[in-house]
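J.: Return a 3D structure for these sequence lines:
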Amino acid sequence: MNVIVAQVRRELWGNRGNFYVMIGILFGIIVLASAVFGITVGGGFTNLHPTGSANAAGVAMLGLGIGNFIFLFYVLSLTGYLSGALYDDRKDGSVMFWRSLPVSDTTNVAGKVLAAGLVGPLFVWIAVILGHLIALLAFATAASARGAAGFTVFAAPGALFGTWIFFAYALVIQTLWWLPYYSWFLFVSAVSPRGHPLLWAIIAPILVGVVELIVSRTSHVFQFLGSHLAMSPIFNGWPLLNVGNNMNQSITQSALSSNPLYSGAGWVSHFLALPSMWIGVGIGLVLLALAVIARRYSATA
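T.: Residues are numbered from 1 along each chain as shown. Predicted structure coming up:
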């Protein structure tokens, strides 16, 4: 266990730009945007709680919007990290150095996937909590300066803590849901020929899907890849607001009158019951095993 922890710390230290720096920049953007929007639209903040008490839905949706923003850019950064995680060791020849240490290839690969799927999302979650609080503080301060009871938004601790717990739960399910993608990028990183592992990781499944269409006239590959991208616990797990079947229908104040996190938690939990969830986890574990084998016998790139 201590060896794996040390390996994860090594990954975080060696890839500070993908974890600390990137999340820090996004957090700074949220702070700046909160100050600007708080000043410009703070007077309208009372629309979220016209009765004088905090509106749970408004608090929750603000926090989830911040969370989605941070996680989106984290994922984009993550693709670059994973596609180069094993390739870079082969490219600069450091794979020979790591083989001389008492660190197995399994531990090495495990450290990378844990850094990407668990530790990175933990940093995202902390940034979401801080960003959520700062955004609420900016809006509440601006609203109070204009005579509104802005700080009553903090009178709903259930909405605050509920949003954070909900987002943490969604992050865990998201890691399981996208494990086949994370594992695929690592596998390609371990076997990619010289140059552009990210490009290989994107083109290869597309070519397999095209071959399947031509040979068998089926689209199982594209359906699986598409469903795992189009459906996401983070991006599609937003709490349900009772706005009817028309997605363009305006959200009424009555729809925002209660905490919607319960419906959101139910929707995220629905992913655990999908066969494609566990098929994907199985595929991800197989790809991780193949990445370990490929690293064990790989030469420099």
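J.: So for the biggest helix by length in the chain, mean pLDDT?
T.: For the chain, the helix with the greatest residue count under DSSP state H is helix 56-85. What helix 56-85 shows for mean pLDDT is 83.
J.: Show me what it is packed up against.
T.: Contact partners of helix 56-85 among helices and strands, from 3 or more Cβ pairs under 8 Å, 6 or more residues apart in numbering; DSSP states H and E: helix 22-41, helix 120-145, helix 157-177, helix 179-191, helix 197-216, helix 261-270. All C-beta spots, glycine's among them, are computed from the backbone N, C-alpha and C.
J.: which helices and strands does the fourth one pack with?
T.: Meaning helix 179-191. Using 3+ Cβ pairs under 8 Å, 6+ apart, helix 179-191 is in contact with helix 56-85, helix 105-114, helix 197-216, helix 275-297.
J.: Count residues in the vicinity of S232, would you?
T.: S232 has 19 neighbours, counted by other Cβ atoms under 10 Å.
J.: How about I206?
T.: Count around I206 with other Cβ under 10 Å applied: 12.
J.: quick one, what contacts it?
T.: With Cβ atoms under 8 Å, 6 or more residues apart in numbering as the criterion, no residue contacts I206.
J.: pLDDT wise, what is it at?
T.: So, for I206, pLDDT stands at 91.
J.: for the one 3 residues further on, same thing?
T.: Predicted confidence (pLDDT) for G209: 89.
J.: Let me have the helices and strands packed on helix 179-191 in CSV, extended by distance to V124.
T.: Shown next, in CSV, are the helices and strands packed on helix 179-191 (distance: least, Cβ to Cβ, whole Å):
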stretch, distance to V124
helix 56-85, 5
helix 105-114, 15
helix 197-216, 21
helix 275-297, 20
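J.: For V128, which of these is the nearest?
T.: Checking the helices and strands packed on helix 179-191 against V128 by Cβ to Cβ gives helix 56-85 as the closest, at 4.3 Å.
J.: From Y81, how far off is I203?
T.: 19 Å (Cβ to Cβ, to the nearest Å).
J.: and if you look at F161?
T.: F161 is 31 Å from Y81, by Cβ to Cβ.
J.: Likewise for L176?
T.: In terms of Cβ to Cβ, L176 sits 19 Å off from Y81.
J.: more neighbours, those two?
T.: More crowded of L176 and Y81, by other Cβ under 10 Å: Y81, with 23 against 17.
J.: Distance-wise, check that one relative to A135.
T.: For Y81 relative to A135 (Cβ to Cβ), the value is 27 Å.
J.: Check L82 too.
T.: 30 Å.
J.: the more surrounded of the two?
T.: The residue with more neighbours, out of L82 and A135, is L82; 28 against 21, by other Cβ under 10 Å.
J.: Who are the contact partners of the closest residue to the more buried one other than its chain neighbours?
T.: Distances taken as Cβ to Cβ, 6 or more residues apart in numbering place F185 nearest to L82, at 3.7 Å, with adjacent residues excluded. By Cβ under 8 Å, 6+ apart, the contact set of F185 is T79, L82, S83, A85, L198, A201.
J.: I'd say the last one and V191 touch.
T.: Okay, so that is A201. No. Using Cβ atoms under 8 Å, A201 is not in contact with V191, being 10.4 Å away.
J.: Checking T218 next. Helix, strand or coil?
T.: coil (DSSP: H, G, I helix; E, B strand; the rest coil).
J.: Let me know the pLDDT of it.
T.: Confidence score, pLDDT, at T218: 86.
J.: ditto for the one 10 residues further on
T.: At H228 the predicted local confidence, pLDDT, stands at 81.
J.: got the angle for the strand or helix carrying it vs helix 179-191?
T.: In this assignment (DSSP states H and E), H228 forms part of helix 220-230. Between the axes of helix 220-230 and helix 179-191, defined by axes from the mean of the first three to the mean of the last three Cα atoms, to 10 degrees, the angle is 110 degrees.
J.: what bits of the stretch 151-300 of the chain have low per-residue confidence?
T.: Applying pLDDT under 70 to the stretch 151-300 of the chain picks out residues 152-153, 155-156, 237-266, 298-300.
J.: let's see it at 80
T.: Within the stretch 151-300 of the chain, the stretches with pLDDT under 80 are 151-159, 192-195, 227, 230, 235-267, 296-300.
J.: Please work out how many residues are found near V268.
T.: Using other Cβ under 10 Å, V268 has 25 neighbouring residues.
J.: is it true that it touches F167?
T.: No. In this structure, V268 is not within contact of F167 by Cβ under 8 Å, at 9.8 Å.
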